[in-house]
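> Next one to model:
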Amino acid sequence: LAWNFIGMNVTLAIWVGLGGMMAGLAGPLFLGALWRRVTRAAAIWGFLAGAGAFGVLHAGLIDPVWATPGGMARAALVWLHAQAPNPYACTALAEGVGLLATALVSLVTRPLPADHLHRVFG
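Numbering: from 1, shown residues only. This is a model prediction of the structure:
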């Protein structure tokens with residue numbers, strides 16, 4: 001494995017690993033610490049969505065050919081595809097996906113019990 005990364009910047013190699021974890025944990029941790037409405041299911045889905053989005057973005061699995069030529073969607077897909085080698089951009093975008101997934105799933109699932117919320121938030 002190390003031989004495959006011999007020509008890669010060490011900082012970028014480390015950031016690829018950290019970026020996936022940061023993208024997965026951003027939604028559940030930030031929203032879970034600040035918003036009482038976050039649920040267990042939302043934390044799990046937020047982690048999966050953030051980490052999955054990082055993997056899709058960084059692997060370059062988004063193909064600009066999917067959109068019709070000349071539209072805003074095409075420009076967005078071209079930009080996303082161009083960001084694939086950049087772990088910083090992939091992390092930031094995937095964190096947004098994780099935050100959004102955590103918030104949306106929290107809104108459609110049953111809230112945590114009041115006594116649990118009182119123990120956590122005081």
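
> Output the longest helix belonging to this structure.
helix 87-108 (DSSP state H).

> which strands and helices sit next to that one?
Identification of packing neighbours for helix 87-108 by 3 or more C-beta pairs under 8 Å, 6 or more residues apart in numbering; DSSP states H and E yields helix 10-26, helix 40-59. Quick note: C-beta positions are derived from backbone N, CA and C, even for glycine.

> Geometric centre of this structure: which residue is closest?
G50 (2.3 Å; C-alpha atoms, centre = their mean).

> And it, how far from A75?
Noted for G50: a distance of 24 Å to A75, by C-beta to C-beta, to the nearest Å.

> What of G55?
Using C-beta to C-beta, which is the criterion applied here, G55 is 23 Å from A75.

> Check whether S106 really touches R36, as I assumed.
No: applying C-beta atoms under 8 Å as the test, S106 and R36 come out as separate, 9.7 Å apart.

> remind me which residues of this structure are low pLDDT?
The model of the chain has pLDDT under 70 over residues 1-2, 5.

> Please say which of S106 and R36 ends up with more neighbours.
Shown here are S106 and R36; by other C-beta atoms under 10 Å, S106 has more neighbours (25 against 14).

> show me the contacts for the nearest residue to the more buried one once chain neighbours are set aside.
By the measure of C-beta to C-beta, 6 or more residues apart in numbering, the closest residue to S106 outside its immediate chain neighbours is A42, 4.0 Å from it. Contact analysis of A42 by C-beta atoms under 8 Å, 6 or more residues apart in numbering lists P28, L31, A101, T102, A103, L104, V105, S106, T109.
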